[in-house]
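> give the three-dimensional model of this entry:
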Amino acid sequence: MSTAQIAFLKGHGTENDFVIVPDPDNTVDLPASAVARLCDRRAGIGGDGLLHVVRSAAHPDARHMADTAEWFMDYRNADGSVAEMCGNGVRVFARYLQRAGLAGDGGLAVATRGGVKRVRLSGDGDVTVSMGRAALLDEGVRVTVDGRAWDARNVSMGNPHAVAFVDDLAHAGDLRSVPRFSPESVYPDGVNIEFVVDRGPRHVAMRVHERGSGETRSCGTGACAVAVAAARRDGADPALTGEPVTYTVDLPGGTLVITEHPDGAVEMTGPAVIVAEGVADMDRIETMAG
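Numbering: from 1, shown residues only. Below you'll find the model as predicted:
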């Protein structure tokens, strides 16, 4: 295969879709411009992001995790920028490893820039990821869309989130551009912004503008941030009660189930599907994109 050709797969988790590039030895050159072209929905393969599949020992950002996790999810946003974590992406990443015979049913560890994530693959198509602990930060922001404004909860899931509870998801606007937030100094590197409505007891629905990608059909870390923010709003804190709290989170692309445990660990369960594979001709993609 020439250097102008890149083997890829396409997968999604609750319709948050990804280009998957297997590259165990970290030999494929993937500058931001190439990632953006591959993720382009008209001139490329199309995706909300790219999952670069690399052995941890072969990547400088993950070598320190190689003893714990053999595989590193080198995640990129659709614009080519590097991101710390992607919850839906981890599930699709694990499903690829299973399909490729690199992981079996049961548990495995995946290295990410947000730390090592523990994943369980089940036989029913669902994948559960231990997402680590949520950090609810004191410094909040105010989010504004089309003249409406809401105070948003500042939640970190290894990447930044601003969670705003609204009366109607339509109030989020088209979400093609970044919603305004202030003060901007709270998120100097940008933020994922979630708009949330209630659907029932411990059941919410959300839309999200993902940093570097725009509105997506689903966001795993966002769903986790939303569930934790909703629990605190509702007066539920597993660390105080000793009882886990579970929220169902509806997204445009499907449903995720989020559980926060008394030790602070947050687990996310949802589907992950590989739908296609092929070879991308980067010369042609570059010509069409140009």
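> other SSEs contacting the longest strand seen in the chain?
When the chain is parsed with DSSP state E, its longest strand is strand 135-145. Here strand 135-145 touches strand 148-156, strand 160-165, strand 180-182, helix 220-233, going by 3 or more C-beta pairs under 8 Å, 6 or more residues apart in numbering; DSSP states H and E. Every C-beta, even on glycine, is put in place using the N, C-alpha and C of the backbone.
> which of those sits closest to V129?
Closest approach to V129 among those is made by helix 220-233 (7.4 Å; C-beta to C-beta).
> now the closest one: buried residues?
For helix 220-233, the neighbour count (16 or more other C-beta atoms under 10 Å) marks 220-232 as buried.
> and the residue nearest the centre of the protein?
C86 (2.5 Å; C-alpha atoms, centre = their mean).
> could you export stretch 210-227 as PDB, CA atoms only?
C-alpha atoms of stretch 210-227 as PDB (Å, rounded to 0.1, in the frame of the first residue of the first chain):
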ATOM      1  CA  GLU A 210     -18.400  19.500  20.700                       C
ATOM      2  CA  ARG A 211     -15.300  21.500  20.700                       C
ATOM      3  CA  GLY A 212     -13.600  21.200  17.300                       C
ATOM      4  CA  SER A 213     -16.500  19.300  15.700                       C
ATOM      5  CA  GLY A 214     -19.700  21.300  16.100                       C
ATOM      6  CA  GLU A 215     -23.000  19.700  17.000                       C
ATOM      7  CA  THR A 216     -22.700  15.900  17.100                       C
ATOM      8  CA  ARG A 217     -25.300  13.200  17.300                       C
ATOM      9  CA  SER A 218     -23.800  12.000  20.600                       C
ATOM     10  CA  CYS A 219     -21.100  12.800  23.100                       C
ATOM     11  CA  GLY A 220     -20.100  10.100  25.700                       C
ATOM     12  CA  THR A 221     -18.100  12.400  28.000                       C
ATOM     13  CA  GLY A 222     -20.800  14.900  27.600                       C
ATOM     14  CA  ALA A 223     -23.500  12.400  28.700                       C
ATOM     15  CA  CYS A 224     -21.400  11.600  31.800                       C
ATOM     16  CA  ALA A 225     -20.900  15.200  32.600                       C
ATOM     17  CA  VAL A 226     -24.700  15.800  32.200                       C
ATOM     18  CA  ALA A 227     -25.600  12.800  34.400                       C
END
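> break this protein down into its domains, please.
Domain ranges of the chain: 5-125+273-289, 133-270, per automatic domain parsing.
> tell me the mean pLDDT over the first one?
It stands for domain 5-125+273-289. For domain 5-125+273-289, the mean pLDDT works out to 93.
> I'd like the numbering to begin with 315 instead of 1 from here.
Shifting the count to begin at 315 puts that one at domain 319-439+587-603.
> what are the buried residues along the longest strand of the chain?
454-455, 457, 459.
> do a quick rundown of the strands in the stretch 315-464 of the chain.
Secondary structure of the stretch 315-464 of the chain by DSSP state E, counting those that start in this stretch: the strands cover 319-327, 330-336, 363-369, 385-391, 420-426, 429-435, 440-447, 449-459, 462-470.
> what do you get for the stretch 465-604 of the chain?
Ranges of strands in the stretch 465-604 of the chain, per DSSP E, counting those that start in this stretch, are 474-479, 494-496, 506-514, 517-524, 528-529, 559-565, 568-574, 579-585, 587-595.
> just these: most buried one?
strand 474-479 (a mean of 25; mean count of other C-beta atoms under 10 Å).
> only alpha carbons, please: show that strand as PDB.
This file holds the C-alpha atoms of strand 474-479, laid out as PDB (Å, rounded to 0.1, in the frame of the first residue of the first chain):
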ATOM      1  CA  PRO A 474     -14.000  20.300  29.700                       C
ATOM      2  CA  HIS A 475     -17.800  20.600  29.800                       C
ATOM      3  CA  ALA A 476     -20.300  23.300  30.400                       C
ATOM      4  CA  VAL A 477     -23.700  21.900  31.300                       C
ATOM      5  CA  ALA A 478     -26.800  24.100  30.900                       C
ATOM      6  CA  PHE A 479     -30.300  23.000  31.900                       C
END
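> now the angle from that strand to helix 534-547?
Orientation of strand 474-479 against helix 534-547 (axes from the mean of the first three to the mean of the last three C-alpha atoms, to 10 degrees) gives an angle of 50 degrees.
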